[in-house]
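Enquirer: Structural data only, the sequence is not supplied:
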Ligand code: LLP
């Protein structure tokens, strides 16, 4: 993880020792590196520029669900990012962070009338529509507001993303998107509705993809469809390829973003040159994990060491409610002691205090640790805090962002009182 490194035997986020953060803000705490976020975003925006795509030619719409802290959104917005949202709540976050609604695209299979109304009233860039009933609802809501809703259809290209089944979304039996075979007919319906304006096409085939081949295959399918639509006089002005590029969790070797974008733009440019006299088409991306995943760790303290009959447990103060991914997907996260000890190691399961056997963060790790030591759970910047819960009446963790030698608190730790503040007793 760039920007998280050992200096004098102690793990730092940029120039700040994680021990200092634990003393100042307590544990568990999510720690993000600003430099890592900037660098990861620029891997997309620089590649777009390098291939001659300015603001009209490409837009990176950061996927808010991966990490929705308003400080993260504000930082990315300032770098020029747009936003991929999946709820009215995420739109309100983007606005609170100073993001531009004109750069917002709205994905998701179940948009409510209220959410459509909110998004239309802020003139978002595009609705990524996932079904015919959704088109009809959007048409009605737009009519009530006297507006035309810009839409793209999320087409299911039916390519195998070769990733975990829970996070693969482009196959036939997923709930997402419109089947490839039904796409033409669905576009015809969209084009016939008076308050719908067809502007684009999109797909998202899955997450944590290490290879870009499935993405390029999906683009081939979309290109074919765009040509078929053009022959029917339905013209799309942008192509949104979704997110999905993976990160290194356990020695994984994801494709470099710059290489992926170079291959993608070469394909698109060749197609436009052959069929559209070189008229460009705007390209949109919806990356989440590849921007924030390796920009954050979860800092936690060992409460007890417990020697069970068959296993050793390191019981830490972070739990499945803070980081759901291991319990939910058996996801692997690296674990590093903040201070390296010159002592004998043992094999531990790193577990939390929640009353579930599924409450584990890492299994069978070789560590030299003692009670009171700090551990960093690595690669926790994406789908960490955003998937956290209050199970067992545990307040959610604090979040801090490190910038060089400075640390900024970007979310306070929740208190128990916060957790039941909205509840009431019977009269
Ligand atoms: N666009 C759409 C429509 C999506 O559904 C997603 C993620 C993204 C973009 C961003 O994908 P990314 O670049 O982050 O791969 N909770 C799971 C991941 C779920 C991904 C959901 N969709 C995890 O912790 O691995």
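Expert: Happy to help now that I have it. Only a predicted model underlies this, so the values are computations on that prediction, with no experimental measurement involved. Numbers count the residues shown, from 1 in each chain.

Enquirer: Make sure residue 425 is indeed in a strand.
Expert: No - per DSSP: H, G, I helix; E, B strand; the rest coil, residue 425 lies outside any strand segment and is coil.

Enquirer: ok, then the element right after the top strand by length along the chain?
Expert: Longest among the strand segments of the chain by residue count, using DSSP state E, is strand 296-307. Using DSSP states H and E, the helix or strand that follows strand 296-307 in sequence is strand 312-316.

Enquirer: other SSEs contacting that following strand?
Expert: Using 3 or more C-beta pairs under 8 Å, 6 or more residues apart in numbering; DSSP states H and E, the elements in contact with strand 312-316 are strand 296-307, strand 346-351. Any C-beta I mention is one placed from the backbone N, CA and C, and that applies to glycine too.

Enquirer: The ligand contacts on the stretch 251-400 of the chain?
Expert: 286, 287, 288, 289, 290, 325, 382, 383 (C-beta under 6 Å from any ligand atom).

Enquirer: so which of those residues would you say is closest to residue 115?
Expert: Nearest to residue 115 among these: residue 286, at 17.8 Å, using C-beta to C-beta.

Enquirer: Check what pLDDT that closest one gets.
Expert: For residue 286, the pLDDT comes out at 98.

Enquirer: and the helices and strands packed on strand 312-316 as TSV, adding mean neighbour count and mean pLDDT?
Expert: As requested, the helices and strands packed on strand 312-316 are arranged in TSV below (neighbours: other C-beta atoms under 10 Å; pLDDT from 0 to 100):
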stretch	mean neighbour count	mean pLDDT
strand 296-307	21	98
strand 346-351	19	98
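
Enquirer: just to revisit the earlier point, which two from the residues of the stretch 251-400 of the chain next to the ligand end up farthest apart in space?
Expert: 286 and 325 (19.7 Å).

Enquirer: So for these two, which residue has more residues nearby?
Expert: residue 286 (27 against 20; other C-beta atoms under 10 Å).

Enquirer: Quick check: that one touching residue 207?
Expert: No - contact between residue 286 and residue 207 fails when scored by C-beta atoms under 8 Å: they sit 10.5 Å apart.

Enquirer: between the two, what contacts are shared?
Expert: residue 243 (C-beta atoms under 8 Å, 6 or more residues apart in numbering).

Enquirer: got the buried residues for the helix or strand encompassing residue 71?
Expert: Per DSSP H and E, residue 71 falls inside helix 70-78. For helix 70-78, a neighbour-count test (16 or more other C-beta atoms under 10 Å) marks 70, 71, 72, 73, 74, 75, 76, 77 as buried.

Enquirer: Quick check: the fourth one vs residue 94, distance?
Expert: Applying C-beta to C-beta, to the nearest Å, the value for residue 73 to residue 94 is 6 Å.

Enquirer: can you list residues touching both of the two?
Expert: With C-beta under 8 Å, 6+ apart as the test, residue 73 and residue 94 both reach 64, 83.

Enquirer: For the nearest residue to residue 161 once chain neighbours are set aside, give me phi and psi.
Expert: For residue 161, ignoring the flanking residues on the chain, the nearest one in space by C-beta to C-beta, 6 or more residues apart in numbering is residue 206 at 3.1 Å. With angles defined as degrees, to the nearest 10, residue 206 sits at phi 150, psi 180.

Enquirer: Just give me the neighbour total for residue 206.
Expert: Residues near residue 206, counting by other C-beta under 10 Å: 27.

Enquirer: Look up which residues are beta-bridged to the closest residue to residue 44 other than its chain neighbours.
Expert: Counting by C-beta to C-beta, 6+ apart, residue 44 lies nearest to residue 60, which is 4.6 Å off, once chain neighbours are set aside. Counting by DSSP bridges, residue 60 forms beta bridges with residue 285.

Enquirer: My guess is residue 60 contacts residue 46. True?
Expert: No - assessed by C-beta under 8 Å, residue 60 is found out of contact with residue 46, at 10.6 Å.

Enquirer: Give me the contacts around stretch 85-104.
Expert: So stretch 85-104 is contacted by 59, 61, 64-65, 68, 70-71, 73-74, 77-78, 81-84, 105-108, 112, 114-115, 118-119, 122-125 (C-beta under 8 Å, 6+ apart).

Enquirer: Name all residues that make contact with the residue nearest to residue 44.
Expert: 41, 44, 45, 48, 80, 81, 82, 284, 285, 287.

Enquirer: Am I right that the fourth one is in a helix?
Expert: The one in question is residue 48. Yes - membership of residue 48 in a helix is supported by three-state DSSP.

Enquirer: For the ligand, what is the nearest residue in the stretch 301-427 of the chain?
Expert: At 3.2 Å from the ligand, residue 383 is the closest residue in the stretch 301-427 of the chain, using C-beta to the nearest ligand atom.

Enquirer: check contacts around that residue.
Expert: Residue 383 neighbours (C-beta under 8 Å, 6+ apart): 65, 66, 67, 288, 289, 293, 324, 325.

Enquirer: What separation is there between the residue nearest to the last one when sequence neighbours are not counted and residue 386?
Expert: The one in question is residue 325. Using C-beta to C-beta, 6+ apart and skipping residues adjacent in sequence, the residue nearest residue 325 is residue 331, 3.8 Å away. According to C-beta to C-beta, residue 331 stands 14 Å off from residue 386.

Enquirer: Same drill for these two, tell me which one is more crowded.
Expert: residue 331 (20 against 16).

Enquirer: buried subset of the contacts of residue 383?
Expert: In the contacts of residue 383, the ones that pass as buried (16+ other C-beta under 10 Å) are 65, 66, 67, 288, 289, 293, 324, 325.

Enquirer: of all those, which two lie farthest apart?
Expert: 288 and 324 (15.4 Å).

Enquirer: related to what we said a few turns ago, can you tell me which of the contacts of residue 60 end up in helices?
Expert: Of the positions in the contacts of residue 60, 41, 44, 45, 48 sit in helices, assigned by DSSP state H.

Enquirer: ok, of those residues, which one's closest to residue 271?
Expert: residue 48 (17.5 Å).

Enquirer: show me what contacts the nearest residue to the closest one once chain neighbours are set aside?
Expert: Leaving out its chain neighbours, the residue that sits closest to residue 48 by C-beta to C-beta, 6+ apart is residue 58, at 4.0 Å. By C-beta under 8 Å, 6+ apart, residue 58 lies in contact with 48, 282, 283, 284, 285.

Enquirer: mind checking which helix or strand residue 120 is in?
Expert: Going by DSSP H and E, residue 120 is part of helix 113-121.

Enquirer: And the next helix or strand past that helix?
Expert: strand 126-129.

Enquirer: On the three-state scheme, the closest residue to residue 395 other than its chain neighbours is what?
Expert: Nearest in space to residue 395, with sequence neighbours left out and distances taken as C-beta to C-beta, 6+ apart, is residue 414 at 3.3 Å. Three-state call for residue 414 (three-state DSSP): coil.
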